[in-house]
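**Q** Give me a 3D structure for the following:
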Amino acid sequence: MPLAVVHVLSDIVLDASEAFASPENNSIALGRWASEVLSGYAPTPVSCPAQRPRIRDGSTISPQEKAWLYRRRKQTAPHIRDLLRRIDIPDFNSDDYLLGDRGSNSWPNIGIAVSGGGYRAMLTGAGALSAWDSRTLGSTEKGGLGGLLQSTTYLSGLSGGGWLVGSIYANNFTSVQQAIQSPNTWRLETNILGYTKTMKSFGANLVASQPRIKQLIREIIEAVKSKRKAGFKTSAADYWGRALSSQLINLPQGGPSLTFSSIASDAAFSSGNLPVPLIVADGASPGQTPLPVNTTVFEFSPWEMGSYDDSLNGFAPLRYLGSRFETGLVPPNERCVVGFDNTGFVMGTSSFLFNQIVDRLKDPKGTGLPAVLVKSFAFQLLKPTIIRVLDAVSSKISLEGAFWAPNPFKGWNRYFNPTARSDNLVIVDGGEDDQNVPLQPHLLIDRKVDVVFAVDSSANTHLNWPDGGSLIATYRRSIELASRKMSFPPVPGKNSFINLGLNSRPTFFGCDAHKLRAPTPLIVYLPNYPYLTFSNISTFSLAFLPEQRDELIANGAAVATQLNAARDPEWPVCVGCAILARSFDRTRTSVPDSCKRCFSRYCWKGQVDEAQPLEYEPSIYSQTIGSSTQ
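**A** Purely as a prediction, here's the structure:
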């Protein structure tokens, strides 16, 4: 490999030397990894099962998901009861309601969606999950929201949110507290350039890092080379995924044989003790930034990968991706392949932005680039050189997207599938179509999700705060690509989000179910907001001291709890009301007065204010408590 390419590769390598140490308490994940050891990172040919792998029609959820849901419902019931008892909605007995004669109609079905946005999204989302996790110290005290995670059925993430979801499941559904206390995971002091953030000088840190960086580069290059030698196409997504794994997965070398499909055989998951993880990504459309509204949205579950969109309407068994499918079936003369769905590769696929970076750099207007770069004289001076380097790299390593090849959907749904004639399936970051909050998996009517807690850490504004753009993109898509399989409630425009303060506090969308055209979950929108610290770090910030990491996680917990209800003492009650909102509709139950107050306070009722807003510059809330501006 040319030396120049090796140098560029070092720019996408995470220094994770500690990850080579033996895992301390990740024995179950280690067992899953060991059971999947075939030939390292390279996929491996095996004999096909008696029932040969085939593509299933995407008109409904899979038989595996249906069977799992029955087990999951049994496991969530005690957690839902405990959570609602602690929330204690005034003048309402949740146990009497849930255990009464209304049957299963009374039980809520909960989803959580964690947006993209690099480490900003991962750590903010981690804080929210920590606040909702009954294992977190203090989360189950009266008014606490611990147990919401245990009550959840679906947990989705994309890009940085996908790192969070993938890391948690790869590490045996570790708690956030355990992850940050481990010496082997979430050590973010070292960025992807190999620079370790300490009090020492840049030069001293760089010299100290060189041996570890070189070792890790060799490991990653050899892993990807083994996949290529086995006959599979590779791209920068393979290097990126291996680099992410080294930092986020507590296994030797980041678990090169740990597959996402191995979660399905995990005892805790298969028995229904854990939510189902769903990682979202987009089908590639070269040269288009952002991706068009009709982009195929892919989801990865432990059982399968595919899309419910009409453009594909099919799912392939995840364990056997890498096998050669023909018109929806692995033919009798072909062997099956396993090991292609490496967990890091799935995370890298969902966060693959390199194609978009190249497109934006080559755009003469700099559309989509951070304003600070567009205005930078030094950047503009170096821009031609950067483009030449990227062109040189792309001649050796594809920056087009993640290659899921051979394409399992070749020949499938020929009239609508844009990749039906292609040998390659190219997939990119799940937020490239502007749907940066992975809501689509929760919108499927067949899944019957009642409420989605949507954590949005998007960097829509010049100062890296969300402005509702992701929800707007999802709503626009639901109108322009109307589907009988999914629905989404109306939302206002970006200016209204800012002018009405909807991007600075929780908001409920879709409160009046009777006015919606189809069954739609209630969306509890939780935008990133500076409760404790300025959490609007750049998506390109890639190194954090432990205290900085922990500040972002703590702020994420404050986003989920409104600073432990300091901003609104009734917030825990309002969360309980949101959980039960669709249940109240189904059972035609009179809504408690306290819930009426919550809905009056948090439901968007159609107000708009599309005047051009001023620059959105929030202050740290904990420093302004009592201010009349809050």
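
**Q** from the chain's centre, how far out does stretch 574-589 sit?
**A** Mean C-alpha position of stretch 574-589 versus that of the full chain (CA atoms, centre = their mean, to the nearest Å) differs by 26 Å.

**Q** and if you look at stretch 588-597?
**A** On CA atoms, centre = their mean, the centre of stretch 588-597 falls 33 Å from the chain's centre.

**Q** buried ones in it?
**A** Under the neighbour-count criterion of 16 or more other CB atoms under 10 Å, stretch 588-597 has Thr589, Pro592, Ser594, Cys595 buried. For glycine as for every other residue, the C-beta is placed from the backbone atoms N, C-alpha and C.

**Q** From Arg588, how far off is the last one?
**A** Yep, that's Cys595 we're talking about. Note on Cys595: its distance to Arg588, by CB to CB, to the nearest Å, is 15 Å.

**Q** Using CSV, write down the CA coordinates of the longest strand along the chain.
**A** Longest strand in the chain, counting residues (DSSP state E): strand 276-283. Output in CSV follows, covering the C-alpha atoms of strand 276-283 (Å, rounded to 0.1, in the frame of the first residue of the first chain):
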residue,chain,number,x,y,z
VAL,A,276,-34.4,-4.7,20.0
PRO,A,277,-31.5,-2.6,18.7
LEU,A,278,-32.2,-1.0,15.3
ILE,A,279,-29.4,0.8,13.4
VAL,A,280,-30.4,3.0,10.5
ALA,A,281,-28.6,4.0,7.3
ASP,A,282,-29.4,5.3,3.8
GLY,A,283,-29.0,3.9,0.4
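
**Q** residues touching Phe488, list them.
**A** Residues near Phe488 by CB atoms under 8 Å, 6 or more residues apart in numbering: Leu439, Leu443, Thr474, Tyr475, Arg477, Ser478, Gly510, Thr520, Ile523.

**Q** Now it. Nearest residue, chain neighbours left out?
**A** Ser478 (3.9 Å; CB to CB, 6 or more residues apart in numbering).

**Q** and stretch 527-538, how far out from the chain's middle?
**A** Mean C-alpha position of stretch 527-538 versus that of the full chain (CA atoms, centre = their mean) differs by 18 Å.

**Q** do stretch 238-253 as well
**A** With CA atoms, centre = their mean, you get 17 Å for stretch 238-253.

**Q** buried residues in it?
**A** For stretch 238-253, burial by neighbour count (16+ other CB under 10 Å) applies to 238-251, 253.

**Q** Please apply the same query to stretch 271-285.
**A** Buried, per 16+ other CB under 10 Å, within stretch 271-285: 272-285.

**Q** Can you give me the end-to-end span of stretch 520-536?
**A** Start and end residues of stretch 520-536 are separated by 31 Å (CA to CA, to the nearest Å).

**Q** Kindly report the same for stretch 181-189.
**A** 14 Å.

**Q** any idea of the mean pLDDT for that stretch?
**A** Per-residue pLDDT values over stretch 181-189 give a mean of 85.

**Q** before we move on, what about stretch 344-360?
**A** 82.

**Q** next one: stretch 215-230
**A** On average, the pLDDT along stretch 215-230 is 91.

**Q** Pull out the buried positions in that stretch.
**A** Going by neighbour count (16+ other CB under 10 Å), the buried part of stretch 215-230 is Leu216, Ile217, Glu219, Ile220, Ile221, Ala223, Val224, Ser226, Lys227, Ala230.

**Q** Spatially, what comes nearest to the third one if we skip its sequence neighbours?
**A** Distance criterion CB to CB, 6+ apart; nearest residue to Glu219, sequence neighbours excluded, is Gln253 at 5.7 Å.

**Q** Dump the buried residues of stretch 271-285 to CSV, plus distance to Trp404 and pLDDT.
**A** Listed next are the buried residues of stretch 271-285 as CSV, based on distance: CB to CB, whole Å; pLDDT from 0 to 100:
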residue, distance to Trp404, pLDDT
Gly272, 29, 98
Asn273, 30, 98
Leu274, 25, 98
Pro275, 25, 99
Val276, 21, 99
Pro277, 18, 99
Leu278, 17, 99
Ile279, 13, 99
Val280, 14, 99
Ala281, 10, 98
Asp282, 13, 98
Gly283, 10, 97
Ala284, 10, 91
Ser285, 16, 80
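
**Q** Can you tell me which of these is closest to Thr153?
**A** Of all these, Pro275 has the smallest distance to Thr153: 5.8 Å, by CB to CB.

**Q** Which residues lie in contact with that closest one in this structure?
**A** Arg72, Ile112, Leu149, Thr152, Thr153, Tyr154, Leu155.

**Q** Count the neighbours of the first one for me.
**A** By the other CB atoms under 10 Å criterion, the neighbourhood of Arg72 contains 22 residues.
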